[in-house]
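# model the following, please.
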Amino acid sequence: MVRNRLHEGGMRARRPQVGVVLTAQHRAGRLAFAREHRGWQIHHWRPVLFTDESRFTLSTCDRRDRVWRRRGERSAACNILQHDRFSGGSVMVWGGISLGGRTALHVLARGSLTAIRYRDEILRPLVRPYAGEVGPGFLLMQDNARPHVAEVCQQFLQEEGIDAMDWPARYPDLNPIEHIWDIMSRSIHQRHVAPQTVQELADALVQV
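All right, here's what the predicted structure looks like:
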(Lines give C-alpha, C1' and ligand atoms only; values in the text may rest on other atoms or scores of the structure.)
Protein backbone atom coordinates (compact mmCIF):
# COMPACT_ATOMS: atom_id res chain seq x y z
CA MET A 1 0.00 0.00 0.00
CA VAL A 2 2.75 2.44 0.96
CA ARG A 3 4.75 1.40 -2.10
CA ASN A 4 1.80 2.13 -4.37
CA ARG A 5 1.39 5.59 -2.91
CA LEU A 6 5.10 6.28 -3.35
CA HIS A 7 4.91 5.11 -6.97
CA GLU A 8 1.94 7.38 -7.55
CA GLY A 9 4.11 10.24 -6.32
CA GLY A 10 6.81 9.40 -8.85
CA MET A 11 9.18 7.82 -6.35
CA ARG A 12 11.11 4.60 -7.00
CA ALA A 13 13.52 2.56 -4.90
CA ARG A 14 17.08 3.25 -5.95
CA ARG A 15 20.53 2.41 -4.60
CA PRO A 16 21.77 5.41 -2.57
CA GLN A 17 24.66 7.44 -3.87
CA VAL A 18 27.81 6.88 -1.87
CA GLY A 19 29.59 9.96 -0.60
CA VAL A 20 32.40 10.84 1.76
CA VAL A 21 31.88 12.19 5.26
CA LEU A 22 32.44 15.95 5.23
CA THR A 23 33.08 18.28 8.13
CA ALA A 24 32.44 22.01 8.02
CA GLN A 25 36.14 22.50 7.29
CA HIS A 26 35.98 20.07 4.38
CA ARG A 27 32.96 21.86 2.94
CA ALA A 28 34.67 25.23 3.26
CA GLY A 29 37.73 23.89 1.45
CA ARG A 30 35.65 22.46 -1.36
CA LEU A 31 33.75 25.71 -1.78
CA ALA A 32 36.96 27.76 -1.81
CA PHE A 33 38.46 25.46 -4.46
CA ALA A 34 35.33 25.70 -6.62
CA ARG A 35 35.29 29.49 -6.40
CA GLU A 36 38.99 29.71 -7.23
CA HIS A 37 38.61 27.64 -10.39
CA ARG A 38 35.11 28.51 -11.54
CA GLY A 39 36.47 30.81 -14.24
CA TRP A 40 38.92 28.29 -15.68
CA GLN A 41 38.52 27.54 -19.38
CA ILE A 42 39.64 24.52 -21.39
CA HIS A 43 43.11 25.97 -21.93
CA HIS A 44 43.56 26.25 -18.17
CA TRP A 45 42.75 22.58 -17.60
CA ARG A 46 44.62 21.21 -20.62
CA PRO A 47 48.08 21.00 -18.94
CA VAL A 48 46.67 19.43 -15.76
CA LEU A 49 47.52 15.77 -15.19
CA PHE A 50 44.86 14.17 -12.98
CA THR A 51 46.35 11.23 -11.09
CA ASP A 52 45.22 8.72 -8.53
CA GLU A 53 45.66 5.20 -7.20
CA SER A 54 42.89 2.65 -7.15
CA ARG A 55 42.59 -0.86 -5.76
CA PHE A 56 40.80 -3.61 -7.66
CA THR A 57 39.95 -6.92 -5.98
CA LEU A 58 39.23 -10.37 -7.31
CA SER A 59 36.28 -10.74 -4.96
CA THR A 60 34.63 -7.40 -5.76
CA CYS A 61 30.90 -7.65 -6.33
CA ASP A 62 29.56 -4.37 -7.62
CA ARG A 63 25.87 -5.36 -7.42
CA ARG A 64 25.15 -4.15 -10.96
CA ASP A 65 24.19 -7.58 -12.22
CA ARG A 66 20.55 -8.36 -12.91
CA VAL A 67 18.88 -11.65 -13.81
CA TRP A 68 15.55 -12.34 -15.46
CA ARG A 69 13.67 -15.01 -13.48
CA ARG A 70 10.21 -16.19 -12.65
CA ARG A 71 8.67 -16.16 -9.20
CA GLY A 72 10.07 -18.98 -7.11
CA GLU A 73 13.33 -19.23 -9.10
CA ARG A 74 15.39 -16.97 -6.87
CA SER A 75 17.55 -19.82 -5.56
CA ALA A 76 18.03 -21.60 -8.89
CA ALA A 77 21.72 -22.19 -9.59
CA CYS A 78 21.58 -20.20 -12.83
CA ASN A 79 20.33 -17.16 -10.92
CA ILE A 80 22.98 -17.08 -8.21
CA LEU A 81 26.03 -14.88 -8.53
CA GLN A 82 28.71 -16.62 -6.52
CA HIS A 83 30.67 -14.22 -4.36
CA ASP A 84 33.15 -14.98 -1.62
CA ARG A 85 33.99 -11.72 0.15
CA PHE A 86 36.93 -13.32 1.97
CA SER A 87 38.67 -14.89 -1.02
CA GLY A 88 41.04 -13.65 -3.65
CA GLY A 89 43.56 -10.86 -3.68
CA SER A 90 43.83 -7.33 -4.94
CA VAL A 91 45.82 -5.15 -7.28
CA MET A 92 46.62 -1.48 -6.78
CA VAL A 93 47.30 0.63 -9.83
CA TRP A 94 48.28 4.23 -10.50
CA GLY A 95 47.41 6.24 -13.56
CA GLY A 96 47.16 9.76 -14.89
CA ILE A 97 44.95 11.39 -17.50
CA SER A 98 44.79 14.82 -19.10
CA LEU A 99 42.96 16.45 -21.98
CA GLY A 100 45.90 15.65 -24.23
CA GLY A 101 46.61 12.07 -23.30
CA ARG A 102 47.37 9.65 -20.51
CA THR A 103 50.24 7.98 -18.71
CA ALA A 104 50.92 4.29 -18.72
CA LEU A 105 48.99 2.34 -16.10
CA HIS A 106 51.43 1.41 -13.36
CA VAL A 107 50.72 -1.75 -11.38
CA LEU A 108 52.07 -1.41 -7.87
CA ALA A 109 53.76 -4.53 -6.57
CA ARG A 110 52.88 -6.00 -3.21
CA GLY A 111 53.39 -3.85 -0.16
CA SER A 112 52.36 -0.39 0.89
CA LEU A 113 52.86 2.68 -1.24
CA THR A 114 55.49 4.63 0.65
CA ALA A 115 56.80 8.08 -0.19
CA ILE A 116 60.03 6.57 -1.52
CA ARG A 117 58.13 4.17 -3.75
CA TYR A 118 55.88 6.95 -4.96
CA ARG A 119 58.90 9.04 -5.91
CA ASP A 120 60.91 6.23 -7.47
CA GLU A 121 58.11 4.27 -9.19
CA ILE A 122 55.75 7.06 -10.20
CA LEU A 123 57.04 10.62 -9.97
CA ARG A 124 60.48 10.02 -11.47
CA PRO A 125 59.73 7.54 -14.30
CA LEU A 126 56.15 8.56 -15.17
CA VAL A 127 55.24 12.08 -14.06
CA ARG A 128 58.55 13.79 -14.86
CA PRO A 129 58.65 12.66 -18.54
CA TYR A 130 54.98 13.57 -18.94
CA ALA A 131 55.63 17.02 -17.53
CA GLY A 132 58.48 17.43 -20.00
CA GLU A 133 56.21 16.59 -22.91
CA VAL A 134 53.53 19.05 -21.78
CA GLY A 135 56.08 21.78 -21.18
CA PRO A 136 55.50 25.12 -19.43
CA GLY A 137 52.27 25.28 -17.48
CA PHE A 138 52.23 21.61 -16.53
CA LEU A 139 50.26 21.08 -13.33
CA LEU A 140 50.13 17.86 -11.32
CA MET A 141 46.91 16.97 -9.60
CA GLN A 142 47.36 14.51 -6.77
CA ASP A 143 45.33 14.07 -3.62
CA ASN A 144 46.60 14.56 -0.09
CA ALA A 145 47.56 10.96 0.64
CA ARG A 146 50.56 10.76 2.97
CA PRO A 147 53.04 9.45 0.35
CA HIS A 148 52.07 12.30 -1.99
CA VAL A 149 52.64 15.10 0.48
CA ALA A 150 55.70 13.61 2.17
CA GLU A 151 58.74 15.87 2.32
CA VAL A 152 60.82 13.60 0.10
CA CYS A 153 58.22 13.83 -2.68
CA GLN A 154 57.66 17.56 -2.26
CA GLN A 155 61.40 18.10 -2.47
CA PHE A 156 61.59 16.04 -5.67
CA LEU A 157 58.81 18.05 -7.31
CA GLN A 158 60.46 21.29 -6.30
CA GLU A 159 63.84 20.21 -7.68
CA GLU A 160 62.23 19.18 -10.96
CA GLY A 161 60.23 22.38 -11.21
CA ILE A 162 56.91 20.51 -11.20
CA ASP A 163 53.96 22.44 -9.78
CA ALA A 164 51.16 20.63 -8.00
CA MET A 165 47.60 21.85 -7.48
CA ASP A 166 46.42 22.70 -4.01
CA TRP A 167 43.81 19.98 -3.65
CA PRO A 168 41.22 20.20 -0.86
CA ALA A 169 40.77 17.29 1.51
CA ARG A 170 37.96 14.82 0.90
CA TYR A 171 37.47 15.89 -2.71
CA PRO A 172 37.71 12.67 -4.80
CA ASP A 173 34.50 13.35 -6.71
CA LEU A 174 36.04 16.22 -8.67
CA ASN A 175 38.86 14.06 -10.04
CA PRO A 176 37.74 12.84 -13.50
CA ILE A 177 39.99 9.78 -13.26
CA GLU A 178 37.42 8.30 -10.88
CA HIS A 179 35.26 7.71 -13.96
CA ILE A 180 38.14 5.79 -15.55
CA TRP A 181 38.39 3.48 -12.55
CA ASP A 182 34.65 2.85 -12.73
CA ILE A 183 34.81 2.08 -16.46
CA MET A 184 37.70 -0.30 -15.88
CA SER A 185 35.88 -2.03 -13.04
CA ARG A 186 32.78 -2.51 -15.19
CA SER A 187 34.83 -3.82 -18.07
CA ILE A 188 36.59 -6.39 -15.89
CA HIS A 189 33.36 -7.38 -14.19
CA GLN A 190 31.56 -7.92 -17.51
CA ARG A 191 34.18 -10.22 -18.98
CA HIS A 192 32.93 -13.65 -19.97
CA VAL A 193 35.78 -15.23 -18.02
CA ALA A 194 36.67 -13.24 -14.92
CA PRO A 195 40.30 -13.07 -13.72
CA GLN A 196 41.04 -15.90 -11.32
CA THR A 197 44.43 -14.82 -10.00
CA VAL A 198 46.06 -11.55 -9.00
CA GLN A 199 48.33 -11.72 -12.04
CA GLU A 200 45.38 -12.28 -14.36
CA LEU A 201 43.64 -9.29 -12.78
CA ALA A 202 46.72 -7.11 -13.23
CA ASP A 203 47.08 -8.19 -16.87
CA ALA A 204 43.40 -7.51 -17.51
CA LEU A 205 43.61 -4.03 -16.00
CA VAL A 206 46.60 -3.14 -18.17
CA GLN A 207 44.78 -4.46 -21.23
CA VAL A 208 41.67 -2.44 -20.43
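
# quick one: secondary structure of the residue positioned nearest the centre of the chain?
With distances taken as CA atoms, centre = their mean, E178 lies nearest the centre of the chain, 3.7 Å away. Counting by DSSP: H, G, I helix; E, B strand; the rest coil, the backbone at E178 sits in helix.

# now the strands for the chain?
48-57, 90-98, 101-102, 106-108, 139-141, 163-164 (DSSP state E).

# want to try CSV for those, with mean pLDDT as columns?
Formatted as CSV, these follow (pLDDT from 0 to 100):
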stretch, mean pLDDT
strand 48-57, 95
strand 90-98, 95
strand 101-102, 94
strand 106-108, 96
strand 139-141, 97
strand 163-164, 96
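
# can you lay out those as a markdown table showing mean neighbour count and distance to P147?
Where C-beta positions appear, they are placed from N, C-alpha and C, glycine not excepted. Output for these, formatted as a markdown table (neighbours: other CB atoms under 10 Å; distance: least, CB to CB, whole Å):
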| stretch | mean neighbour count | distance to P147 |
| --- | --- | --- |
| strand 48-57 | 20 | 9 |
| strand 90-98 | 20 | 11 |
| strand 101-102 | 12 | 21 |
| strand 106-108 | 18 | 11 |
| strand 139-141 | 20 | 14 |
| strand 163-164 | 16 | 13 |
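
# out of those strands, nearest to S185?
Taking CB to CB, strand 48-57 is the member of the strands of the chain nearest to S185, at 6.5 Å.

# between the closest one and strand 90-98, how big is the angle?
Taking axes from the mean of the first three to the mean of the last three CA atoms, to 10 degrees, one finds that strand 48-57 is oriented at 160 degrees with respect to strand 90-98.

# give me the contacts around strand 48-57.
88-99, 103, 108, 113, 127, 130-131, 134, 138-143, 145, 165, 172, 175-178, 181, 184-185, 188, 201, 205 (CB atoms under 8 Å, 6 or more residues apart in numbering).

# and stretch 146-160, by the same measure?
Residues outside stretch 146-160 that contact it (CB under 8 Å, 6+ apart) are 113-119, 123-124, 128, 131, 140, 142, 163-164.

# list the buried residues of it.
147-148, 150, 153, 156-157 (16 or more other CB atoms under 10 Å).
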